[in-house]
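> Sequence and predicted structure, then a few things I'm wondering about:
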Amino acid sequence: MNSQHHNNRHPPQHVFIPSDEPLDHRAVALRFSQSLDRPTLLACLRVSRSWFAALEPCLWHSFTLLRDPPSLATPHHLQHQQNTAPHPRRYPTLGSLHRNARHIARLRYFGERPLLETLLPNLNQLEYLESTRYTDSIKQLLQQNTATLHTIILKGDPLIPGDTILIDRLWFHLLDFSALRVVELNSAIVSDYEGLKFGLICHKLTRLALIDSKFIERPKSEEGFQQLKTLVLDRSFLPKGDDPPLFELCPALEDFTWKSRSGKLPIFKFLVFLNAGRGQALSGLDLSGSQIADSDLASIIRLLPGLTRFHASNSQFGLDATRAIVEVRQHQIQELVILQCPNFGPTVAQEILRSCTRLRVFSAPAVNAVDMAQLRWTCTGLEELDVCIAGTRRLPRTQGPRHESIYSQIAVLSNLRVLRLGEVTDMEEGPFLLDLKVHSGLSLLSTLTLLEIFVCERLKPVMEFYDLQWVIQHWRGLRRLVGSVHPNVEQRDLSNEFLKSQLPGLETFSTQIECSLALAER
Amino acid sequence: MTVILVSSDNQDFKVDKEVAERSILIKNMLEDVGESDSPIPLPNVTAAVLTKVIEYCEHHRNDPVQVPEETDDPRKRSNDIEEWDMKFMQVDQEMLFEIILAANYLDIKPLLDVGCKTVANIIKGKTPEEIRKAFNIVNDFTPEEEAQIKKENEWAEDR
């Protein structure tokens, strides 16, 4: 009856009906599809023919060509393993791949060579390519997409420890790429002597990331790289020479990463560079592992008027740098990650949390439980918090739940999406105390309605059925749990199954490493 | 400074330049013509829709200009909508889709985002039949065709 009534009226013209301006509506259909989760997008394909025509290309817009799909020649005992493996991966049919390859704009390729070769003629609209191989097929793929490719990522396979990607004559091949703006090389050995061509490529880039890679030539340029806004030098080897440090060639830098094994950061030259006002646009800085002195870190912080994101894990970050942040950057710093900094004690962490009103991300070794009990954190907009709590035993006894003060302080962070909580204890203090139980004060965290990721690997919770029920009721958006909710393995597994049955989309991992491997595989 | 926008049904709208330039299309047009009082025709946008678009741009006139991330992974986008935007989008379906189309034509990415997220939130978790009911859409698939589409795209559930 509804459809009869519908046919008697002028039907609503809505975006998914192909029109005279297919490009216009294609862009809208794509943006719409990117707002949908996967099950809903797949349901949309079955709504009607026009919805299918508009949205099927969107399904293929971003595609990962995976390693080793199941083969008919697989021996029987391995087939059994594949059949009983958790979440056996399904693959599109060859016909579907051939029909839809032309829609693929973002391709992640993990080494399935024969399949790539058959699809090559149809892969002509690539904007993004991520590959773990630099074979002739990949070179041909690059040549076919010189006008459209915006981002190229060449990297070793993250699931094979120590894997590297060997690249020769890269810069010559990339010279004609008119749309290229982002290059990332990860675990790469680049045997290309063409420093000038490397420099010519860098002239058009807005982002260059060299991660755990080796080069035999640096990018060379007289004029510098005026467009480069993001430069990542993470454990990569660039040969030394008379050329200035790379950052001196990038006057428009907004984000700079210099991590250990990239050679010692020429700190004096960096400070001179900043002092000359060249760091005006720099808002993000990652100097993790660089072993820069605390006083130099403080000078850097004071010389960067636009600093909002600062990572300095595994460094000498301490009192001087903290003072610099609290005195001049307290109302602008949004992201501060300072893990494994021996000079950054819990008392110093409290200074940051009390002063920095706009913090969204904070990772630090520890905060004192007694300081937390004062409830003086001003960073109520925190979205990601990663800390250990020290000195739980020194909390004064109260009438209420045992850890009420700790949970009360965390409870004000109602925007939290990611919470990584740990406890620092030593032989003198005794065993872990934070047990994540409702009667200990966990119920105070009902304010964390946006929580998506909870990591309790560095805690020893003893969550019983009632506590799990509380989690299910109050943390409805939880989609990742890392750590054990109970010391008994069997109880832990049962608890995880119970949580997953009640919270759709929840994944559980015992350790962060297990989680990272699973994410790398996707 | 003000500019005059003309809708497809020939209604004039006098708007502050700063507000009008929330539309990248209009911003580029103004840069091309330089200092000029000529009205800007918008043949693809009716007066009713243009009224809503201007209302949105007025409210968001001081928002920072969004620059898309160079390596923007669409999978990382959130579907949260601000309270004002949520109330703004409480319109009938026809107007909702017209706003989306207008936002795309005028190149106002935040408004396009909000529109798409609004529709996405309406249909999230729904079956095909429930989506059809929500938008009054006739099912022109046979059961066999629908089953084939489901089977052919099962692989995508894992991604």
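Perfect, thanks for sending it. Numbers count the residues shown, from 1 in each chain, chains lettered A, B, ... in the order given.
> would you list every one of the helices in the stretch 1-150 of chain A?
Along the stretch 1-150 of chain A, the stretches classed as helices by DSSP state H, counting those that start in this stretch are A:2-8, A:22-34, A:38-45, A:49-59, A:76-84, A:94-100, A:113-119, A:136-144.
> of all the ones you listed, which lies closest to chain B?
In terms of Cβ to the nearest Cβ, the element of these nearest to chain B is helix A:22-34, at 3.9 Å. From N, CA and C alone the C-beta is placed, and that goes for glycine too.
> low-scoring stretches of the chain, by residue?
In the absence of a named chain, chain A is used. Applying pLDDT under 70 to chain A flags the ranges A:1-24, A:66-89, A:111-113, A:242, A:261-263, A:399, A:426-432, A:521-522.
> um, chain B though
Using pLDDT under 70, chain B drops low at B:35, B:66-79, B:158-159.
> now with 80?
Low-confidence segments of chain B (pLDDT under 80): B:33-37, B:64-80, B:157-159.
> Where do the helices of it begin and end?
B:17-20, B:24-33, B:47-59, B:83-88, B:93-106, B:109-123, B:128-135, B:143-152 (DSSP state H).
> Name the residues that touch the second one?
I take that to be helix B:24-33. Residues from elsewhere that reach helix B:24-33 (Cβ atoms under 8 Å, 6 or more residues apart in numbering or on different chains): B:V3, B:L5, B:K17, B:A20, B:E21, B:I40, B:Y105, B:L106, B:D107, B:I108, B:K109.
> Can you tell me the closest non-neighbouring residue to B:K150?
Spatial nearest neighbour of B:K150, chain neighbours left out: A:R46 (6.3 Å); criterion: Cβ to Cβ, 6 or more residues apart in numbering or on different chains.
> count of neighbours near the one you found?
22 (other Cβ atoms under 10 Å in any protein chain shown).
> Same question for A:D157.
Neighbourhood size, A:D157 [other Cβ under 10 Å]: 17.
> So it is in contact with A:E130, correct?
No: applying Cβ atoms under 8 Å, one finds A:D157 not in contact with A:E130, separated by 11.4 Å.
> Now A:A43: closest residue in space that isn't a chain neighbour?
Closest to A:A43 by Cβ to Cβ, 6+ apart is B:P128, at 5.1 Å.
> That neighbour contacts A:L42, correct?
No: B:P128 lies out of contact with A:L42 (Cβ under 8 Å); the separation is 9.3 Å.
> Which of these two has more residues huddled nearby?
Higher neighbour count among B:P128 and A:L42: B:P128, with 22 against 19, using other Cβ under 10 Å.
> my read: A:D243 touches A:S221, true?
No: assessed by Cβ under 8 Å, A:D243 is found out of contact with A:S221, at 9.1 Å.
> OK, contacts around the closest residue to A:R358 other than its chain neighbours?
Using Cβ to Cβ, 6+ apart and skipping the chain neighbours, the partner closest in space to A:R358 is A:Q334 (5.3 Å). A:Q334 is in contact with A:T308, A:R309, A:R358, A:L359, A:R360, A:V361, counting by Cβ under 8 Å, 6+ apart.
> Ok, B:V119 next?
Taking Cβ under 8 Å, 6+ apart as the test, what B:V119 contacts is A:F32, A:S35, B:L96, B:F97, B:I100.
> Please report how far the last one lies from A:E452.
From B:I100 over to A:E452 the distance is 27 Å, taken as Cβ to Cβ, to the nearest Å.
> neighbour-wise, which of those two wins?
B:I100 (25 against 18).
> returning to what we had before: would you mind giving the helices of the stretch 1-150 of chain A as JSON lines with distance to B:K27 added?
Output for these, formatted as JSON lines (distance: least, Cβ to Cβ, whole Å):
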{"stretch": "helix A:2-8", "distance to B:K27": "40"}
{"stretch": "helix A:22-34", "distance to B:K27": "18"}
{"stretch": "helix A:38-45", "distance to B:K27": "32"}
{"stretch": "helix A:49-59", "distance to B:K27": "28"}
{"stretch": "helix A:76-84", "distance to B:K27": "55"}
{"stretch": "helix A:94-100", "distance to B:K27": "36"}
{"stretch": "helix A:113-119", "distance to B:K27": "40"}
{"stretch": "helix A:136-144", "distance to B:K27": "34"}
